[in-house]
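[1] the sequence and its predicted three-dimensional model are supplied below.
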Amino acid sequence: MTELSGRPLAIASPSNKPTLYGWLFDAYPSGTGMAVWLIDADGQAHMFHDDFTPVFYVRGPRQDLHDLCQMLRARRAPVELDRTERIDLFLDRPIEVLRVGVRSPGLLPHLFRLVADFNPYLTYYDADIPLPQRYVLTRQVFPLAHCAVEHEAGQIRHIQALDTPWEVDYRLPPLRVMAMRLGGELRNPARGHRGDLLVQIEGEEYPFKREHGRELVLGIRHLLERHDPDVLVTAYGDSYLLPRLLELSRHYGISLPLNRDPDQAIAHKPARSYFSYGRVVFSDEQHLLFGRWHVDRQNAFLGDDYGLDGALEIARLSGLPVQTVARVSTGTGISAMQVSTAWRRGVLVPWQKRQPESLKTGLDLLAADKGGLVYAPLMGLHEHVAELDFTAMYPSIMVHFNLSPETVGAKCCEGVPVPELGTPVCNHRQGLVPETLAPLLEKRNQYKARIRELPEDDPRKEIFRRRYSAHKWLLVTCFGYLGYKNARFGRIEAHEAVTAYGREVLLRAKELVEARGFRVLHLYVDGLWIDKPGASQRPDYEALLDEIRAQTGLQIGLEGVYRWLAFLPSRVEARVPVANRYFGTFEDGSTKVRGIEARRHDTPNFVRETQLGMLAILAEGQGVAGFRAAVPAAIEYAARQLHRLRSGQVPVRDLLVTHRLSRRPDEYVARTAAARVAHQLTQADVSLSPGEKLRFLLVPGPEKARAWELIQGEIPYDHQAYLQLFIRAIESLLAPVGVDQSTLETWLLGQTSYWGPVGVLPPPGTDSRWPLLANARPVGAEHSLLATSAFREIQRECFALTRQAA
Amino acid sequence: MGRTLPSITQTFLQEQQSLARFRRALRLDDQRALDDLLAASRHHLAEAAYASHLLPFEIMLLAMLVEEHKQVMRLRDELETLRSPSTSSPRPASGGQAGHSQEHSRP
């Protein structure tokens, strides 16, 4: 069979060839086609071969195309060449192109490189779509699709999917999982951590002594042969376990069948560091298997958030192999989904995008070059605040207003002007991006409804939650990819149109909220925080939400009503609030925290635990008065935690600080803690790349910090340094009631307060450091306090209050 | 990320920087008043960004006036309340500094 992109395959007529029913597990190039693995309902794996000729297209002057054909023929390249017509997304009409079919799929990347080097000035299409994705698109199947396969002598004659990627409650094949990790604490073995190898499979755990390499290799081989696992889940398998096992297998001359397909060698991709959103990201090396999956939990993108269930969902939707999905960002997933949409439409997928930003005047740029609306919230502690959030705002805007690279600024029809900008958006054909996103949004809504309906003990609930989370990540990245210069279907004007609609929608919602007598405390891109005296229950907001839905055409929901909510000031300028530093407790007792220490990745566990522990105590308080009343109990808890810290009872593991290396260890100029730790590791023969994470303990003395990997057992830590982090975290929580660092030091370190018992707050509006001065104000004795009778009055009150408090 | 124009916060900081010599020459009390005004205008950066005005400093001045006027309105209300003790206390005005909850106060 050759590639018939975009055209539906004929349904096979009934034949007498044997048919296998199973799930599509793996597909990769092999010889003149693809090796295709299926797993049947009994968990049995089957391999077939399927002849397959992938295709790429070239556009350019006739003479140049002719020269290209001559070159390929002269080199006897295994290609099929002919002229054909295909549709260009931006022109919206067929164009004449040269079709190059590669008879040996594995050679495609090499051949394409040859062609592109021969003439880099031609326009290439469909050139860098991963082969497994091409295969599933051509055959109209998808990874983990339940398939019916007609086969003959190991060759696939016909393959057909029996379900669709849009099914919500789908069946998956029974998978045998083999887990592998080193014993002891989960530390990076590439930085010197050693332990025995622990292998878990089908409920049994097998420890292998690291000193006995030969037995270890033989043992693993035995387990692989006996259990024939489908998935190998490891911790540090990419960077350490697999390379080390392969090394041992070579050393002892014992073959290790990590791959199910004996004809393939394990694929290795080297580690790299790259810039993304202003920071350096480190991507570790990869070891990919054939006929079996290798998933390294320590090298998985967002693995903890959506896990394997989410990765399988993304694979089904995007058409990318599971091993790839588990290691790349969700942006790659959404990009692949757009490629699939284009493919199904029969639209050419450009290799390198040629869509530069269109020329704009300064004023146009001033209007367009903006992001979402981010307000300055009303600082302080508030009660009965409702948070309204637009559901998946940017993707919904793209779908609702048909925003796509080819529809924004299109000249094919009059179109609908974008607010603020006036750019017309085509409304006579659905855009490629909306077409991709609409079913995804729909599926996400279905999962949301199912999660709400299912009882807590239903095992599907957690799986649905993970798939829902995977969708969230796909949708989050789709907006960035619309404006990303390297994205195939990115265009800055479409990106600007999305933010312009976002601002318009949020302001329209603000106007509706205010018209109904609510006060707007904060606006943040797709969320509104509002309050109104008397409104404190869900039903108080229903009519408002309905009105916003009707007026904007987008879904908006009530995230919850807060018992109390605090918007925090900037650490640099206390008079100025910060948009994304807040915390609060909803009516159901759950808390939401943004921008404070507990949310930061570099915060030690102990500090996070203390902050969340105090928050749990404060969460008990109903409203502002309740929050204030809970402060003494929260301070008491903090004092107990502080005692643990100062008496050295906190385990090292809970005090580790995390830091991401922003440069190579030798490039550090200042001797920061992170630089010292990087230096220590380098001295211990560990190679570090920018973007890698360091975990270390702050230690007393000139050493200052020590890498976790170099710590054996419990060692003394730097009390003073941790005390600072500790006080800072508490200050974030209590700043809304006017408690600052010096008050905390009086309460926690001095064990006393002249105002009253520790943690007791003076009346609202009073500075807790000088609470008694508040009493002087009505007398008007600001300048000559000591000289007036007011001073004597304060003294008298001071005595009275101290007695009361005691 | 990927922006051609400086963000509104950057613009604000530039404007603030351009006032550095003026601020330095002011008396200490006046410096504090100026800082208050600048902090007040910083409460309305989102609105200023949305306005896309060619001269952002004009918007900053207006933002200061808005906050000042809110303060005047609040004081006027308070005065009214003090004059007629029977009436209930007014609700704090919304938006920006003057809308600070009573809970958050710093000397």
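    That came through, no problem. Numbers count the residues shown, from 1 in each chain, chains lettered A, B, ... in the order given.
[2] residue 16: neighbouring residues, count only.
    Defaulting to chain A. When counting by other Cβ atoms under 10 Å in any protein chain shown, one arrives at 6 neighbours for A:Asn16. The C-beta positions use only the backbone N, C-alpha and C, and glycine is treated the same way.
[3] the chain in question should be chain B.
    Number of residues near B:Gln16 (other Cβ under 10 Å) recorded here: 16.
[4] that one and A:Leu432: what is the separation?
    To A:Leu432, B:Gln16 is 44 Å away according to Cβ to Cβ, to the nearest Å.
[5] same check, this time on A:Arg176
    39 Å.
[6] neighbour-wise, which of the two wins?
    Between A:Arg176 and A:Leu432, counted using other Cβ under 10 Å, A:Leu432 has the larger neighbour count: 20 against 16.
[7] just the pLDDT for residue 93.
    I went with chain A, as the question did not name one. As predicted, A:Arg93 sits at a pLDDT of 86.
[8] let's do chain B instead
    Taking B:Ala93 on its own, its pLDDT is 45.
[9] longest single helix anywhere in chain B?
    Longest helix in chain B, counting residues (DSSP state H): helix B:56-83.
[10] what about that helix, near chain A?
    No. For helix B:56-83, no contact with chain A is found by Cβ under 8 Å from any Cβ of the partner chain; the gap never falls below 9.9 Å.
[11] right, and A:Leu317 touches A:Leu474 too?
    Yes. Counting by Cβ atoms under 8 Å, A:Leu317 does reach A:Leu474; the two are 7.3 Å apart.
[12] spit out the residues that contact those two alike.
    Contact with both A:Leu317 and A:Leu474 is made by residues A:Gly333, A:Met337, A:Leu440, according to Cβ atoms under 8 Å, 6 or more residues apart in numbering or on different chains.
[13] which residues touch the host helix or strand of the first one?
    Counting by DSSP states H and E, the element that carries A:Gly333 is helix A:330-345. By Cβ under 8 Å, 6+ apart, the residues outside helix A:330-345 that reach it are A:5-6, A:87, A:89, A:129-130, A:133, A:137, A:301-302, A:314, A:317-320, A:324-325, A:348-349, A:432-433, A:435-436, A:440, A:470, A:473-478, A:480-481, A:484, A:487-489.
[14] strands - which of the residues you listed land there?
    Of the contacts of helix A:330-345, the ones assigned to strands by DSSP state E are A:Ile87.
[15] from the contacts of helix A:330-345, list just the buried residues.
    A:5-6, A:89, A:129-130, A:133, A:137, A:301, A:314, A:317-320, A:324-325, A:348-349, A:432-433, A:435-436, A:440, A:470, A:473-475, A:477-478, A:480-481, A:484, A:487-489 (16 or more other Cβ atoms under 10 Å in any protein chain shown).
[16] middle-most residue in chain B, spatially?
    B:Ala40 (1.6 Å; Cα atoms, centre = their mean).
[17] tell me the one of the shared contacts of A:Leu317 and A:Leu474 nearest A:Arg664?
    A:Gly333 (30.9 Å; Cβ to Cβ).
[18] just the pLDDT at the closest one, thanks.
    At A:Gly333, pLDDT is 89.
[19] in chain A, what residue comes closest to chain B?
    Ranked by Cβ to the nearest Cβ, the top residue of chain A for proximity to chain B is A:Gly380, at 3.3 Å.
[20] what bridges to that residue?
    Taking DSSP bridges, one finds A:Phe567 as the beta-bridge partners of A:Gly380.
[21] does it touch A:Gly738 like I think?
    No. At 9.3 Å, A:Gly380 and A:Gly738 do not qualify as touching, with contact defined as Cβ under 8 Å.
[22] which positions in the stretch 1-150 of chain A make contact with chain B?
    Counting by Cβ under 8 Å from any Cβ, no residue of the stretch 1-150 of chain A is near chain B.
[23] low-confidence bits of chain B, can you list those?
    B:1-3, B:85-107 (pLDDT under 70).
[24] one more time with 50
    B:1, B:89-90, B:92-107 (pLDDT under 50).
[25] ok so, going back, wait, a helix at the residue nearest to the centre of chain B?
    Yes. Counting by DSSP: H, G, I helix; E, B strand; the rest coil, B:Ala40 is found in a helix.
[26] quick revisit: which elements pack onto the longest helix of chain B?
    Packing partners of helix B:56-83 (3 or more Cβ pairs under 8 Å, 6 or more residues apart in numbering or on different chains; DSSP states H and E): helix B:8-18, helix B:28-42, helix B:45-51.
[27] ok and that helix relative to helix B:28-42, angle-wise?
    100 degrees (axes from the mean of the first three to the mean of the last three Cα atoms, to 10 degrees).
[28] okay, buried residues for helix B:56-83 please.
    For helix B:56-83, the neighbour count (16+ other Cβ under 10 Å) marks B:Pro56, B:Phe57, B:Ile59, B:Met60, B:Leu62, B:Ala63, B:Met64, B:Val66, B:Glu67, B:Lys70, B:Gln71, B:Asp77 as buried.
[29] check stretch A:336-350 too.
    Buried residues in stretch A:336-350, counted by 16+ other Cβ under 10 Å: A:336-344, A:347-350.
[30] ok now it, how far from the chain's centre?
    24 Å (Cα atoms, centre = their mean, to the nearest Å).
[31] quick one, domains of chain A?
    Following the assignment in automatic domain parsing, chain A carries domains at A:19-161, A:177-229+A:231-291, A:380-592, A:772-806.
[32] out of the ones you listed, which comes closest to A:Leu618?
    Comparing the domains of chain A by their distance to A:Leu618 (Cβ to Cβ), the top pick is domain A:380-592, with 7.3 Å.
[33] please enumerate the strands of the stretch 151-300 of chain A.
    Secondary structure of the stretch 151-300 of chain A (DSSP state E, counting those that start in this stretch): strands located at A:155-161, A:177-182, A:197-201, A:204-208, A:231-234, A:267-269, A:272-276, A:279-283, A:286-288, A:293-296.
[34] helices or strands up against the fifth one?
    For strand A:231-234, the contact count by 3+ Cβ pairs under 8 Å, 6+ apart identifies strand A:177-182, strand A:293-296 as packing neighbours.
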